[in-house]
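Undergrad: Just a sequence and a predicted model for now, questions to come.
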Amino acid sequence: MELINAVSALAALAHETRLTVFRKLVRAGSGGLPAGEIARGIGVVPATLSFHLGHLERAGLLKKRREGRQIIYTIDQSGLRALLEFLVEDCCQGQTEDCATLLFELPVFGCAALSKENENETPTRARSG
C-alpha cells in the first residue's frame, strides 16, 4: 500500500460515524450487513449513511454487493490487510521476530489464524516490504 492510500484509509476511519460503521461490519464478518440494518443499528438516516459508506468504499475499506433489492456491505479484506501491513511494515526495524508476540496477540490476528486454519491453510505473518 502506498502512503497516499494509507492516509486516505486512515482519514476515512477518523470520523466517529465511519469508524462505528466499519467496526460494525468487522463484527458482521464475511456475510456483511444490508445498508438499512446498518443505518438502524447506529441511528443515522439512510442518506447520511450512504455518504459515509461511499467514503469508506472509496478508501478501499468496504465492498458492496446486491442481493435482490438490498445492497450488502462487507469489509474489503484485502484493503484492510494492506492497511495493517502498511502500519506494521517497519515494526522493530524489520526484525519481525522481535515484535511477533505483540502482533500475534492482537485479536484480529487470532481471528485470521483461525479462519485460515479452517481453510486448511497455514497462518502467515504480515509481510514487510
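TA: Received the coordinates, thanks.
Undergrad: domain ranges for this protein?
TA: 3-77, 90-129 (automatic domain parsing).
Undergrad: Make CSV from these and add mean pLDDT, distance to residue 83 and mean neighbour count to it.
TA: Every C-beta, even on glycine, is put in place using the N, C-alpha and C of the backbone. CSV is the format used below for the domains of the chain (pLDDT from 0 to 100; distance: least, Cβ to Cβ, whole Å; neighbours: other Cβ atoms under 10 Å):
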stretch, mean pLDDT, distance to residue 83, mean neighbour count
domain 3-77, 95, 5, 16
domain 90-129, 55, 11, 12
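Undergrad: Skipping adjacent residues, who's closest to residue 18 in space?
TA: residue 52 (4.9 Å; Cβ to Cβ, 6 or more residues apart in numbering).
Undergrad: Contact partners for that neighbour?
TA: 15, 17-18, 21, 44 (Cβ atoms under 8 Å, 6 or more residues apart in numbering).
Undergrad: for those residues, which one is nearest residue 1?
TA: residue 18 (18.5 Å; Cβ to Cβ).
Undergrad: Name the SS class of the closest one, please.
TA: Using DSSP: H, G, I helix; E, B strand; the rest coil, the structure places residue 18 in helix.
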